[in-house]
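Peer 1: build me a model from this:
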Amino acid sequence: MDSFQRTPSDDSPGTLRSSSHFGITPQSQVWSSPPDLDVPKSDDGNVKKRGRKGHTKSRTGCFNCKRARIKCKENRPSCDYCAHRDLKCEWPEIQINQAGTMIRKPTPASSISTNPQTQLPVFTIQDFRLFNHFIQSAYPSHPIGNDSVWRHEVPSISPDYDFLLHAMLALSAADIAAKEDEPEMKVTAMTHRVKSIESLNKAIDDGIKTYVQGNAMLATCFALLFHSVFITDGLGEYMSFIRGTVAIGMKMGQGRMKFLFEKAFGDEQMEFIGPALKLAPLVHTDVSRAACRSLEKFGFLCEKGYELTLYGTLLSMARNLVTSSQDAYMELRKYYGMFMFLSQEDFVHFINPENGVGKLIQAHFVSMQLIMTPITNSERAHRQLVNPDQKYDDPSRSNPTIGWLLSLHSNIPAEMMEYFQWTLWVEQEVHKGRLYTGVYE
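Peer 2: Predicted structure coming up:
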């Protein structure tokens, strides 16, 4: 990705301004006042009241007007909105076949834009169900405080980027499979996931050309990241997509591109979650002290620099759990930041299934997150308070990341078994439903 092109904003012909790389907000639109009009009057000189003029909502407007959420004049070859801003004006052409499937006709060659995705795939009635489920309840909870973006802005740009649309459908199908008795949805989810990753890789190779495309890539990484939670051996991919969100975010920041997500990076997220953490309960002392003892037992096994760094942060997190849930949460954030910026060589070594120390660190990382569920539940409760009309799932009795422990606990070498005793205990307690409340019953 050597260079970036920025899509002009509505109030600027060429550039976007920002206060920082990762805190960019769109400029407010400024509309000029309309000219004076001849107002009809009655014989006595009073202004006649006119009823509101009705209109038929257009569903065939151009893509740019749809994104701007304004009524398109639909004059060809370029509508007023696009002509005024020197934008490429394109319209969707839709037909329904006998099977009830929506097909978007390819754009004529004479009007093909520089966007490589000029032809979109075919989607079925089931896909529409998944799309709706995503918008209603299956969208990612991060970046924190961006529920409206996930429910409105992201779906509105998804038809133009099949990697994003497939990622949304994958996460939605996985969510349905986990909550309802529809095991076939797991296959559907993986099918969409593979298509999304293939398309995303091609787009990354071509580089980020517009801020809309960059945001679509960013949303895709978040959706695939959250889908990884539902995959038993998906921890490695989970960490990979976290690294992907950072890489794309940095590229967008370097290009001064506008972010759809607010406060997506850095400490800005704490502005939202900070008040909730102050009220977060302490994890039961027996559980947190057991975590400390387990971590202290295997520190000497860490030899590589990155192993010592990750291990030290986990140990600090466990010790903080004894006295402060907020401090422990901050250490958890620090841990994420560390593996985000591991060198590619160290990261590949860390997630290698043959790396016993790597598996041990990962097992303790997952176990720490599981015993910290009462703390992260405070985050969910705060989201509910901010968005009272939205129904959020209660994770207190189910957490798909337990599957990661099952995977990490498979084929433990005999000489390493003693160091996995606490994480194996966590797995058992979670299956019994005894840890999600944070109380060792």
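Peer 1: buried ones in stretch 286-293?
Peer 2: 287-288, 290-292 (16 or more other Cβ atoms under 10 Å). Every C-beta, even on glycine, is put in place using the N, C-alpha and C of the backbone.
Peer 1: give the burial count for the closest residue to Arg293 other than its chain neighbours, as a bare number.
Peer 2: Counting by Cβ to Cβ, 6 or more residues apart in numbering, Trp422 is the residue found nearest to Arg293 once chain neighbours are left out, at 7.4 Å. By other Cβ atoms under 10 Å, 20 other residues sit near Trp422.
Peer 1: quick one: contacts for Trp422?
Peer 2: With contact set as Cβ atoms under 8 Å, 6 or more residues apart in numbering, Trp422 has these partners: 290-291, 293-294, 364, 367.
Peer 1: switch to 7 Å and redo it
Peer 2: By Cβ atoms under 7 Å, 6 or more residues apart in numbering, the contact list for Trp422 reads 290-291, 294, 367.
Peer 1: want to throw the buried residues of stretch 286-293 into TSV with distance to Leu200, secondary structure and pLDDT?
Peer 2: Shown next, in TSV, are those (distance: Cβ to Cβ, whole Å; DSSP: H, G, I helix; E, B strand; the rest coil; pLDDT from 0 to 100):
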residue	distance to Leu200	secondary structure	pLDDT
Val287	39	helix	88
Ser288	39	helix	89
Ala290	41	helix	93
Ala291	36	helix	94
Cys292	40	helix	95
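Peer 1: ok, the residues you listed vs Phe241, which is closest?
Peer 2: Phe241 has its nearest neighbour among the buried residues of stretch 286-293 in Ala291, at 26.4 Å by Cβ to Cβ.
Peer 1: pick the one among the contacts of Trp422 closest to Met250.
Peer 2: Ser367 (30.7 Å).
Peer 1: put the alpha carbons of the one helix or strand that closest one maps to into CSV.
Peer 2: Here Ser367 sits within helix 356-371, counting by DSSP states H and E. Provided in CSV are the C-alpha atoms of helix 356-371 (Å, rounded to 0.1, in the frame of the first residue of the first chain):
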residue,chain,number,x,y,z
GLY,A,356,4.5,-25.8,24.5
VAL,A,357,5.4,-22.5,26.3
GLY,A,358,3.3,-20.6,23.8
LYS,A,359,0.3,-22.9,24.5
LEU,A,360,0.8,-22.5,28.2
ILE,A,361,0.8,-18.7,28.0
GLN,A,362,-2.3,-18.8,25.7
ALA,A,363,-4.1,-21.2,28.1
HIS,A,364,-3.5,-18.9,31.0
PHE,A,365,-4.6,-15.9,28.9
VAL,A,366,-7.9,-17.5,28.0
SER,A,367,-8.5,-18.7,31.6
MET,A,368,-7.8,-15.2,32.9
GLN,A,369,-10.4,-13.8,30.6
LEU,A,370,-12.9,-16.4,31.7
ILE,A,371,-12.5,-15.7,35.4
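Peer 1: list the buried residues of it.
Peer 2: Residues 356-371 are the ones in helix 356-371 that count as buried (16+ other Cβ under 10 Å).
Peer 1: tell me which of these is nearest to Leu235?
Peer 2: The closest of the buried residues of helix 356-371, once distances to Leu235 are taken by Cβ to Cβ, is Gln362, at 6.1 Å.
Peer 1: same question for the residue nearest to Arg293, what's its three-state structure.
Peer 2: Three-state assignment for Trp422 (DSSP: H, G, I helix; E, B strand; the rest coil): helix.
Peer 1: for Phe420, give me its contacts.
Peer 2: Neighbour list for Phe420: 360, 363, 409, 412 [criterion: Cβ under 7 Å, 6+ apart].
Peer 1: residues contacting Leu225?
Peer 2: Neighbouring residues of Leu225 by Cβ under 7 Å, 6+ apart: 238, 241-242, 245.
Peer 1: among those residues, name the buried ones.
Peer 2: Buried members of the contacts of Leu225, scored by 16+ other Cβ under 10 Å, are 238, 241-242, 245.
Peer 1: any idea how many residues pack against the nearest residue to Leu308 once chain neighbours are set aside?
Peer 2: Excluding the flanking residues, the one nearest Leu308 by Cβ to Cβ, 6+ apart is Cys302, at 4.8 Å. A count of nearby residues for Cys302, using other Cβ under 10 Å, gives 18.
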